[in-house]
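Peer 1: Below are the sequence and a predicted model; questions follow.
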Amino acid sequence: MNDFFHQFSFSPGRWLIVSIAIWSVGYTGWVMGADTAMAPPSASPDASNQPPLDPTHPTPVPPLKPADDDSGDFVVAPLPGYNPSQEFNLTLVSQYIYHPEGHGPTTPPSILAAAGFYSEMDSWAGLIAYKGSSAYDDWRYAVAGGYARIKYDFYGTGQIAGEAGRSIPIAQEMPFGFGQLLRRIVPHFYGGARVLGSKVDISTGASLPPEIENEAKLSMAGFGPVFQWDTRDNEFFPTKGEYSNLNFVYFLGDSDYWSCEVDFNKYVSIEKTNGVLAMRGYGRFTGGDVPFYGMSQFGQRSDLRGYISGQYRDKMMFDIQAEYRQPLGGRWTVVAFAGFGEVAPDMDKFYFSNMLWSVGTGVRFRLSEKNPVNLRLDWAYGKEGSAWYLSMGEAF
């Protein structure tokens, strides 16, 4: 569920919504809810507890708990974090994790969650979300909605504006909603559609710049197809396999535009060192009457760590990253990473002569004995200086 929440492209602070969504309906359930935790990839279920499976349905994931155990698990957890855009922050998560009656032993659990967020920048947000699947995981569905007030700095549009480093403070309020339905087409491959919408209200302590004055109050809804490919051996700490997403969203309302996102992640086990080489390519492309908060921008998620969210934004962007992850024994892992990327107003304006780049290192601490869910502390150095990040889960 964490992946499609990345698509809140109408939000300048969508990394914030992504974080809340991931923590609410993903990581926390396996960290704090040990009784409903997913078994490690090497584990196999007790066959005596499993009903016969339909041979036409491939096994998508390891069982998260016996099929005849319909008890739920309620979890409440505070999750601290840090990033250069919002500085210190705290997310409070509550969730109920359960297996609906009649679901098979290989079907992921259903999760009902609520979360709240507050940061040192006086940003805040609230979210409710639900995800579920059909009995044999042929269908996957999710809905979410909430309200946020996010304060951030607007640097302008384009790489030249980002390099100038001049910004104005902006506060953005927005109710938002999201829905997605996916169908398994062949093993490991899902296709479907999503809908999303938001009403944006921008304010600042001074006059808005002319280029965004007409974008201060906009209402939009978006819809489009989604495709996912997933052969990872583990959702939280992959050691081998591939994971890829492709989606297209067309937005209608006060501003008509489209966005297309594609990413490809590959994980390779290094047997001699027991390490993992993770590689990622990402691109986001937009067209039409794109508001500034619908543009592509670095600093979201972990695409080029070391940059303030939104300092570099434009209609087009891409980045390529690699990260080496080396377990030290026990619960500790160290990593080293590097990447580069660029923003541009059009596809033919990628000149590759003034790339943004990032290098860094970090440490991971495994929070769960049963599952490889890590607390992540990273230090990244880029063209604009260095930054620290504290969060949960891998960068990609």
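Peer 2: It's in.
Peer 1: Got the confidence number for the nearest residue to Gly132 once chain neighbours are set aside?
Peer 2: In this structure, Gly132 finds its nearest non-sequential neighbour in Ser110, 4.1 Å apart by C-beta to C-beta, 6 or more residues apart in numbering. No exception for glycine: its C-beta is placed from N, CA and C like everyone else's. In this model, Ser110 is scored at 84, pLDDT.
Peer 1: who are the neighbours in contact with Ser110?
Peer 2: Taking C-beta atoms under 8 Å, 6 or more residues apart in numbering as the criterion, Ser110 is in contact with Ile97, Tyr98, His99, Pro100, Tyr130, Lys131, Gly132, Ser133.
Peer 1: Narrow the residues you listed to just the buried residues.
Peer 2: Buried members of these, counted by 16 or more other C-beta atoms under 10 Å: Ile97, Tyr98, His99, Tyr130, Lys131, Gly132, Ser133.
Peer 1: on that earlier part again, Ser269 versus the residue nearest to Gly132, what's the distance?
Peer 2: Taking C-beta to C-beta, to the nearest Å as the criterion, Ser110 is separated from Ser269 by 32 Å.
Peer 1: just Ser167 next, same as before
Peer 2: Going from Ser167 to Ser269 by C-beta to C-beta gives 43 Å.
Peer 1: again with Leu127
Peer 2: Look at Leu127 and Ser269: by C-beta to C-beta, they are 35 Å apart.
Peer 1: Just want to know which of the two has more residues nearby.
Peer 2: More neighbours surround Leu127 than the other of Leu127 and Ser269, with 26 against 14 (other C-beta atoms under 10 Å).
Peer 1: Could you export the buried ones among the contacts of Ser110 as CSV, including secondary structure, distance to Asp346 and pLDDT?
Peer 2: Formatted as CSV, the buried ones among the contacts of Ser110 follow (DSSP: H, G, I helix; E, B strand; the rest coil; distance: C-beta to C-beta, whole Å; pLDDT from 0 to 100):
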residue, secondary structure, distance to Asp346, pLDDT
Ile97, strand, 45, 78
Tyr98, strand, 48, 80
His99, coil, 49, 78
Tyr130, strand, 39, 94
Lys131, strand, 37, 90
Gly132, strand, 41, 89
Ser133, strand, 40, 87
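Peer 1: So which of those residues is the closest to Thr204?
Peer 2: For the buried ones among the contacts of Ser110, the closest approach to Thr204 (C-beta to C-beta) belongs to Tyr130, at 34.9 Å.
Peer 1: in what helix or strand does Phe236 lie?
Peer 2: Phe236 belongs to no helix or strand when assigned by DSSP states H and E.
Peer 1: in its sheet, what does the one helix or strand Tyr381 maps to sit against?
Peer 2: Element membership for Tyr381, per DSSP H and E: strand 374-382. Strand partners for strand 374-382, identified by DSSP bridges, are recorded as strand 356-366 (antiparallel), strand 385-392 (antiparallel).
Peer 1: quick one: contacts of the first one?
Peer 2: With contact meaning C-beta under 8 Å, 6+ apart, strand 356-366 is reached by 159, 298, 304-307, 312, 319, 321, 325, 331-343, 372-383, 389, 394.
Peer 1: In contact with Tyr152: list those residues for me.
Peer 2: Per C-beta under 8 Å, 6+ apart, neighbours of Tyr152: Pro12, Gly13, Ser85, Gln86, Met121, Ser123, Pro169, Ile170, Gln172, Ser309, Gly310.
Peer 1: what packs against the host helix or strand of Gly339?
Peer 2: Per DSSP H and E, Gly339 falls inside strand 332-344. With contacts taken as 3 or more C-beta pairs under 8 Å, 6 or more residues apart in numbering; DSSP states H and E, strand 332-344 sits against helix 159-164, strand 313-314, strand 316-329, strand 356-366, strand 374-382.
Peer 1: Thanks a lot, catch you later.
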